[in-house]
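Here's a sequence, model it:
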Amino acid sequence: MKQTLLLTALFIALTGCATTQEATSEAAAEPAILINDYPTRDRVDYVLECVAKHGGLSYINQYACGCKIDKIAEQLSFAEYESARTFVQMQKTPGEAGAPFRDPEHSKDLRSKLKDADAAAEKACFVK
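Modelled structure (predicted):
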């Protein structure tokens, strides 16, 4: 019951974080760059995986993991993020079946970009 309430609160908090700020009159004239174009479901999945990786649900972990996905979203479009995550997960496929995910230059570039964005976000969001 307590865990369900915490997960519900996490979901509500992340839903509020996924909104964009209002544009000023100057910025309204220029095309907007969406840093919050990540679907809420993907943000929640990321936060839950991150929280589990960092020792379980606590306010500090929840906040820091939410911060991490926001920092990653500032550096990668959702399409890049989704492709990079797919390449990371599928590169572990053994043999020739995994080659299309490991070997192409595009795969290496996206995996590297995600790794760099994740490391920068980890450093910015978690207090050590």
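
May I see the buried residues of stretch 84-100?
Buried positions in stretch 84-100, judged by neighbour count with 16 or more other CB atoms under 10 Å: Ala84, Arg85, Phe87, Val88, Gln91. From N, CA and C alone the C-beta is placed, and that goes for glycine too.

does the first one belong to a helix or a strand, and which?
Pointing back at Ala84 there. Secondary structure assigned from DSSP states H and E places Ala84 in helix 78-90.

Is it possible to get JSON lines of the buried residues of stretch 84-100 that adds pLDDT and distance to Cys65?
Below are those laid out as JSON lines (pLDDT from 0 to 100; distance: CB to CB, whole Å):
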{"residue": "Ala84", "pLDDT": "93", "distance to Cys65": "18"}
{"residue": "Arg85", "pLDDT": "93", "distance to Cys65": "15"}
{"residue": "Phe87", "pLDDT": "90", "distance to Cys65": "22"}
{"residue": "Val88", "pLDDT": "89", "distance to Cys65": "17"}
{"residue": "Gln91", "pLDDT": "85", "distance to Cys65": "23"}
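
now those as CSV including distance to Tyr46?
Formatted as CSV, those follow (distance: CB to CB, whole Å):
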residue, distance to Tyr46
Ala84, 12
Arg85, 9
Phe87, 16
Val88, 13
Gln91, 19
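
Show me the contact partners of the helix holding Ala84.
Defining contact as CB atoms under 8 Å, 6 or more residues apart in numbering, one finds that helix 78-90 is touched by 37-39, 42, 72-73, 76, 98, 101, 107, 110-111, 113-114.

Please apply the same query to stretch 113-128.
Residues outside stretch 113-128 that contact it (CB under 8 Å, 6+ apart): 54, 60, 64-65, 67-69, 71-72, 75-76, 80-81, 84-85, 88.

Need the CA coordinates for that stretch. CSV is fine.
Extracted as CSV, the C-alpha positions of stretch 113-128 are listed here (Å, rounded to 0.1, in the frame of the first residue of the first chain):
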residue,chain,number,x,y,z
LYS,A,113,26.4,10.6,-26.7
LEU,A,114,24.0,8.9,-24.2
LYS,A,115,26.8,7.7,-22.0
ASP,A,116,28.3,11.3,-21.9
ALA,A,117,24.9,12.8,-21.2
ASP,A,118,24.2,10.2,-18.5
ALA,A,119,27.6,10.8,-16.8
ALA,A,120,27.1,14.6,-16.9
ALA,A,121,23.6,14.3,-15.5
GLU,A,122,24.8,11.9,-12.7
LYS,A,123,27.4,14.4,-11.7
ALA,A,124,25.0,17.3,-11.8
CYS,A,125,22.1,15.7,-10.0
PHE,A,126,23.5,13.3,-7.3
VAL,A,127,25.3,14.8,-4.3
LYS,A,128,28.4,12.9,-3.5
